[in-house]
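1. any chance you could fold what I've pasted below:
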Amino acid sequence: MRYTERKTYLPLAESGSRMYFVISDLTKINNMYRFSLAAYLRIFQKALKTNKVQKKYLKDDSETDHRIRALTQRLQNLVYEYVRRSLFKADRLMFALHMDWEGFTGILVTDVKSEGGRGLPSWVDQERHTAVTNLKNNFPKLYQVLNFDDGSLWSNFSHSNKCEKEFPSVIEKQVTLFQQLLVVQAVGPDKLQTVMVLFACKALGMKELSPSSVNLKRLLETETLPSEPILIIISHGADSSQELQDLAAQTIGGDKYHQVAMGQGQSDIAMQLLRECAQNVEWLCLKNLHLVTAWLPQLEKEINTLKPLEDFRL
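-> Predicted structure coming up:
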């Protein structure tokens, strides 16, 4: 009986596992994109505690199936929210599409020789004949549903600069979001970026792919731990040093907030301050870590041996 109950939640476990390996693969894009298993497990536990009910699930689902769907959706949203604020803008769309990839994998696409546009409708641009032929031969059932031969049906779509808004409504009801994306890729790839963003937002249930502005106070209250350092990467026009200092003054007092500008000869001072702050429940900010990357393994080793009190932060 117990085994049966555990097996019921196997789809949630499998989905959670896939999401973890999705974010683990981000290091292939940029070596900075590293997320610990411990952090991911906290997100997973947070998803399990949710009481949010999704109305979009079918009413005739069993209570358990409904809960699994709601938990999977909640986990996906939490993972995306957590990760996207750490990504460069250029990589957010890639990550959003990667998050949804499990929903439409398994399709084998074969190499297809161009047929010179034979049998294609006249409204398809000649330069897109090969792409549309590939769509036709690899996805014959989809191509039949699309009814490309009806030029009046696709006229507005083919000439619109915002083709995502001109997709024939009668066809839109019969195809998935990703199938619509395939159509745009074949017919009008110059509009593909916009459609991919729209697809990712709809699939993830998000209004936009860009993260909301980071609120350090909210992060402190909901996500940080004394045993894990907080890494803040600053850039031109995005320096949160003053915000961090103000937050420290409000939370523990300005006299308990310490800063060290790392550089030559500062490593020993930083290490001693780290031990004192962990013991005295104070905050320590180490700046310019990029100057002492060779020293960071020693810092990590020291952090792992610390037993900081609850309100300490690094």
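2. residue boundaries of the helices in the stretch 151-300 of the chain?
-> For the stretch 151-300 of the chain, applying DSSP state H, counting those that start in this stretch gives helices covering 151-159, 169-172, 177-187, 192-204, 216-222, 241-251, 267-280, 296-305.
3. which parts of the shortest one are buried?
-> When you say that, I think you mean helix 169-172. Across helix 169-172, burial judged by 16 or more other CB atoms under 10 Å covers residue 171. For the C-beta atoms, the positions are set from N, CA and C on the backbone; glycine is no exception.
4. helix or strand: which one has the residue nearest the centre of the chain?
-> The geometric centre of the chain, computed from its C-alpha atoms, lies nearest to residue 80 (CA atoms, centre = their mean), at 3.5 Å. Assigned by DSSP states H and E, residue 80 belongs to helix 63-84.
5. for residue 155, what are its contacts?
-> Residue 155 sits next to residue 123 when contact means CB atoms under 8 Å, 6 or more residues apart in numbering.
6. and the helices in the stretch 1-150 of the chain?
-> 2-8, 10-24, 37-48, 63-84, 89-100, 129-138, 140-146.
7. per-residue confidence at residue 143?
-> The model reports residue 143 with a pLDDT of 85.
8. renumber starting at 626 from here on
-> Will do, 626 is the new start, and the previous item becomes residue 768.
9. give me the neighbour count for it.
-> 17 (other CB atoms under 10 Å).
10. residue 806 versus that one, what's the distance?
-> Going from residue 768 to residue 806 by CB to CB, to the nearest Å gives 15 Å.
11. and what of residue 639?
-> In terms of CB to CB, residue 639 sits 25 Å off from residue 806.
12. just residue 921 next, same as before
-> Residue 921 is 42 Å from residue 806, by CB to CB.
13. more neighbours: the two, which one.
-> residue 806 (21 against 13).
14. which residue is the nearest non-sequential neighbour of that one?
-> residue 824 (5.1 Å; CB to CB, 6 or more residues apart in numbering).
15. now for the one you found, how many residues are close by?
-> Residues near residue 824, counting by other CB under 10 Å: 22.
16. now do the contacts for it.
-> With CB under 8 Å, 6+ apart, residue 824 has these contacts: 722, 725, 802, 803, 805, 806.
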